[in-house]
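K.L.:
Okay, sequence plus prediction incoming.
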Amino acid sequence: MDAKALEAIPLFAGLSRKEREHVAQRADDVDIAPGTQLMKQGRFAHEFFVILEGSVEVTKDGDRLTELGPGDFCGEIALVEHDRRTATVVANTPVHAIVMHARDFDAMQAELPHVAALINGAIRERMARG
């Protein structure tokens, strides 16, 4: 993962160059085909995604919740809460994303607590919306 690419992502934009390099070492970039299911509601969480290009649809109990695009992220609630996925996410278009697996995500949160605070703030917002 290229640390420079993280500058354009709001979640990581405020990090120092060294901190972005640290995150980049723990993340991979992936290309996802349209129609691919990134996560399924009720399943255990194994990764966290940040969308660089493209869009995904988020559904819960079969109802559309939202569409996420560049700069948005998903999969964090179940990782942070150590629980099952709260929604299903499917790629609407070709998607280029950053993926961070659970162990790396946990390490990032421990090593970069201010990033963890941003992610936890986003979780509280999403859970408040239902």
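P.N.:
That came in fine, so what should we check first? These numbers come from a predicted model, not from an experiment.
K.L.:
could you give me the average pLDDT of the helix or strand His114 falls within?
P.N.:
Taking DSSP states H and E as the criterion, His114 maps to helix 113-129. Mean pLDDT, helix 113-129: 74.
K.L.:
Make 42 the starting number, not 1.
P.N.:
In the new count, where the first residue is 42, that last one comes out as helix 154-170.
K.L.:
the strands in this protein, which residues?
P.N.:
69-73, 78-80, 88-94, 97-101, 104-109, 114-115, 129-132, 136-142 (DSSP state E).
K.L.:
Buried residues in the third one, which are they?
P.N.:
Looking back up the chat, that one is strand 88-94. 88-93 (16 or more other C-beta atoms under 10 Å). The C-beta positions use only the backbone N, C-alpha and C, and glycine is treated the same way.
K.L.:
ditto for stretch 149-162
P.N.:
Across stretch 149-162, burial judged by 16+ other C-beta under 10 Å covers 149-150, 153, 156-157, 159-160.
K.L.:
quick one: low-confidence ranges for the chain?
P.N.:
Flagging of the chain using pLDDT under 70 yields the residue ranges 164, 167-168, 170-171.
K.L.:
hang on, isn't Gly112 packed against Glu48?
P.N.:
No. Judged on C-beta atoms under 8 Å, Gly112 makes no contact with Glu48 at a distance of 11.5 Å.
K.L.:
what pairs with Cys115 across the strands?
P.N.:
Counting by DSSP bridges, Cys115 is bridged to Phe90.
K.L.:
Not counting stretch 147-167 itself, show me its contacts.
P.N.:
Outside of stretch 147-167, the residues within contact range by C-beta atoms under 8 Å, 6 or more residues apart in numbering are 52-53, 55-56, 60, 63-64, 67, 114, 117-118, 120-122, 141.
K.L.:
hang on, the earlier thing: and the helix holding His155, how far from the chain's centre?
P.N.:
Its chain's C-alpha centre and that of helix 154-170 lie 12 Å apart, by C-alpha atoms, centre = their mean, to the nearest Å.
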